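In: Task: produce atomic coordinates for the following.
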Amino acid sequence: MQVKEMEPLCAHTTFRIGGPAAFYLVPEQAEEVKKAIAFANERELPFLTIGRGSNILFPDEGYDGVVIEVGRGMEHIELMDDGRIRAAAGTGVGALAAAAARESLSGLEFASGIPGTLGGAVTMNAGAYGGEIRDCLVSATVLDADGAIQELEKDELELGYRTSVIQKKGYIVLEALFQMKEGDRRAIQQRMREMNESRRQKQPLEYPSAGSTFKRPEGNFAGKLIEDAGLRGYRVGDAQVSEKHCGFVINRGNATAAQVRELIAHVQEKVFQMSGIKLEPEVKII
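Out: Numbers count the residues shown, from 1 in each chain. The predicted structure is shown next:
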């Protein structure tokens with residue numbers, strides 16, 4: 001297991017923001033995840049798990065604890081009978097969707113452009129273009145707060161809009177099982193290409209960001225509310241509400257976490273004044 005000290009977190013997040021972690025660990029199997037947690041507990045330090053850092057904002061001062069990357073070392077896809085796929089938590093969601101498509105298996109097309117790992121996607125029930133992880137998820141194997149490995153069926157996971165029992169109880173996803181549907185490979189891959197082209201046209205993929213900054217309010221859209229509040233392109237330093245898609249806060253080059261937090265707070269205040277709706281961040285702010 002890789003162990004690094006004072007590792008810059010800006011190198012491990014899609015926002016490209018964040019000071020150093022006291023320790024940065026990269027386990028390669030479930031037992032090493034346990035050891036990583038023990039490493040933190042022995043030193044009486046807090047710990048956090050991340051995948052590819054695609055939905056998180058670390059502070060500029062860094063994190064005085066242990067960051068555990070359940071990513072690079074835990075990438076594995078197993079194609080099973082009857083259209084089932086088992087994958088390890090560090091597997092990229094896009095890679096999983098592509099593997100399913102090659103086998104003419106449908107159900108994860110929506111996920112082809114999601115930049116995170118399977119662990120994070122299951123934890124927050126990631127979704128896009130009308131699809132969600134729970135649509136084809138069968139079960140998830142997790143490490144619970146007591147260090148025990150258990151398999152939770154879909155109904156036990158309490159999957160809702162960007163939430164789950166995993167998130168609520170601080171579990172760590174180790175792997176997940178999916179049930180896919182037989183389909184036409186060319187049609188599946190064409191649908192994925194169309195979705196990814198739509199992303200390129202509508203989302204500011206040319207800038208570092210953490211994806212959609214706010215959760216979708218019931219019966220509305222965060223991006224529209226932000227635009228209606230006159231905040232398209234609004235900046236605090238190098239943190240900016242994207243001019244391409246107001247639902248994204250982007251890093252134009254040297255944005256700090258403090259600037260992003262200030263920008264998020266300003267957006268929340270202005271949108272609330274205009275609409276009475278309090279936007280809730282989707283990005284995990286440490």
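
In: switch to C-alpha atoms for all contacts and neighbour counts from now on
Out: OK.

In: so where's the stretch 51-200 of the chain uncertain?
Out: Low-confidence segments of the stretch 51-200 of the chain (pLDDT under 70): none present.

In: So which residues of the protein form helices?
Out: Counting by DSSP state H, the chain has helices at residues 30-42, 93-102, 118-123, 165-169, 185-202, 222-228, 257-275.

In: Figure out which of those is closest to Glu158.
Out: helix 165-169 (5.4 Å; C-alpha to C-alpha).

In: Which residue is the nearest non-sequential neighbour of Ala87?
Out: Leaving out its chain neighbours, the residue that sits closest to Ala87 by C-alpha to C-alpha, 6 or more residues apart in numbering is Ile77, at 4.4 Å.

In: make that Asn254, sorry
Out: Using C-alpha to C-alpha, 6+ apart and skipping residues adjacent in sequence, the residue nearest Asn254 is Asp238, 5.7 Å away.

In: quick one: contacts for that neighbour?
Out: Neighbouring residues of Asp238 by C-alpha atoms under 8 Å, 6 or more residues apart in numbering: Asn251, Arg252, Gly253, Asn254, Ala255, Thr256, Gln259.

In: In ChimeraX, select just the buried ones from those residues.
Out: Of these, the buried ones can be selected in ChimeraX as follows, counting by 16 or more other C-alpha atoms under 10 Å:
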select :251,252,255,256,259
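
In: was I right about Phe110 contacting Met195?
Out: Yes. At 7.2 Å, Phe110 counts as touching Met195 under the criterion of C-alpha atoms under 8 Å.

In: out of those two, which sits in the more crowded spot?
Out: Taking neighbours as other C-alpha atoms under 10 Å, Phe110 and Met195 compare with Phe110 leading, 22 against 19.

In: Distance of the more buried one relative to Ile188?
Out: Phe110 sits 10 Å away from Ile188, going by C-alpha to C-alpha, to the nearest Å.

In: Then Ala98?
Out: As judged by C-alpha to C-alpha, Ala98 and Ile188 stand 9 Å apart.

In: cool, and Val236?
Out: In terms of C-alpha to C-alpha, Val236 sits 41 Å off from Ile188.

In: With neighbour numbers in mind, choose between these two.
Out: Set Val236 next to Ile188 and count neighbours by other C-alpha under 10 Å: Ile188 wins out with 21 against 18.

In: Let me see the contact set for that one.
Out: Ala101, Ser104, Leu105, Ser106, Glu109.

In: Among those, which are located in strands?
Out: Leu105, Ser106 (DSSP state E).

In: which residues are common contacts for Phe110 and Met195?
Out: Common neighbours of Phe110 and Met195 (C-alpha under 8 Å, 6+ apart) are Tyr129.

In: on that earlier part again, which one of the helices of the chain lies nearest to Ile50?
Out: Taking these one by one with C-alpha to C-alpha, helix 118-123 is closest: 7.5 Å.

In: Need the residues that contact that closest one.
Out: Contacts of helix 118-123 (C-alpha under 8 Å, 6+ apart): 50-51, 70, 87-93, 126, 133-134, 140, 162-167, 172-176.

In: related to what we said a few turns ago, would you turn the contacts of Asp238 into a markdown table with pLDDT and distance to Met1?
Out: What follows is the contacts of Asp238, written out as a markdown table (pLDDT from 0 to 100; distance: C-alpha to C-alpha, whole Å):
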| residue | pLDDT | distance to Met1 |
| --- | --- | --- |
| Asn251 | 98 | 32 |
| Arg252 | 98 | 34 |
| Gly253 | 97 | 32 |
| Asn254 | 97 | 32 |
| Ala255 | 98 | 32 |
| Thr256 | 98 | 30 |
| Gln259 | 98 | 34 |
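
In: can you redo the contacts of Asp238 as CSV with distance to Gly62?
Out: Shown next, in CSV, are those (distance: C-alpha to C-alpha, whole Å):
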residue, distance to Gly62
Asn251, 18
Arg252, 20
Gly253, 18
Asn254, 16
Ala255, 15
Thr256, 11
Gln259, 15
